[in-house]
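**Q** Sequence and predicted structure below; questions after.
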Amino acid sequence: MQGIYHLAAEGEPAGGLLSMILPFLLILLVFWLLFWRPNQKRRQQENQMQAALVPGVEVMTKAGIFATVVEIHDTDVLLEISPGTRIRMLKAGIGEVITPAADDTPVEDRPDFGDDDKPQS
């Protein structure tokens, strides 16, 4: 039995400090690439969007409320959620700016197209 212990002791020396720290560095790198970096980009995009707010723009809050921006202050905005109903909200509560979708429907096919050109009976 003494020979087995002697052979194990003569094996390769234990890894240095680098081989112990390398797995932790790799884990930190993976966390940075998968979690922290995308989160930083998302926050930067939100800050740009909030800084670009102007009165009259339609927005959706993070709570899902659609509103129109009435006034903009340093940290908050005044939103109109229905005619005559206004709420004050932090800029951080604005989720996205709503851009109206392009309507490709021909004018004749729209429901609000009048019958002015048809002969009256």
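**A** Sure thing, it's come through. Numbers count the residues shown, from 1 in each chain.

**Q** Break down this structure into its helices, ranges please.
**A** In the chain, the segments counted as helices under DSSP state H are 2-9, 17-31, 37-51.

**Q** Next, the buried residues of the second one.
**A** Think helix 17-31. Across helix 17-31, burial judged by 16 or more other CB atoms under 10 Å covers no residue at all. C-beta coordinates here come from the backbone N, C-alpha and C atoms, glycine included.

**Q** And for the last one?
**A** By neighbour count, and taking 16+ other CB under 10 Å as the criterion, the buried residues in helix 37-51 are 46, 50.

**Q** now the angle between helix 17-31 and it, please.
**A** Helix 37-51 runs at 40 degrees relative to helix 17-31, counting by axes from the mean of the first three to the mean of the last three CA atoms, to 10 degrees.

**Q** Please save the CA atoms from helix 37-51 in PDB.
**A** C-alpha atoms of helix 37-51 as PDB (Å, rounded to 0.1, in the frame of the first residue of the first chain):
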ATOM      1  CA  ARG A  37     -24.600  43.600 -21.400                       C
ATOM      2  CA  PRO A  38     -28.100  43.200 -22.900                       C
ATOM      3  CA  ASN A  39     -29.600  44.900 -19.900                       C
ATOM      4  CA  GLN A  40     -27.300  47.900 -20.300                       C
ATOM      5  CA  LYS A  41     -28.300  48.200 -24.000                       C
ATOM      6  CA  ARG A  42     -32.000  48.000 -23.100                       C
ATOM      7  CA  ARG A  43     -31.600  50.800 -20.400                       C
ATOM      8  CA  GLN A  44     -29.700  53.000 -22.900                       C
ATOM      9  CA  GLN A  45     -32.400  52.600 -25.500                       C
ATOM     10  CA  GLU A  46     -35.100  53.500 -22.900                       C
ATOM     11  CA  ASN A  47     -33.200  56.600 -21.800                       C
ATOM     12  CA  GLN A  48     -32.900  57.700 -25.400                       C
ATOM     13  CA  MET A  49     -36.600  57.100 -26.000                       C
ATOM     14  CA  GLN A  50     -37.500  59.000 -22.900                       C
ATOM     15  CA  ALA A  51     -35.200  61.900 -23.700                       C
END
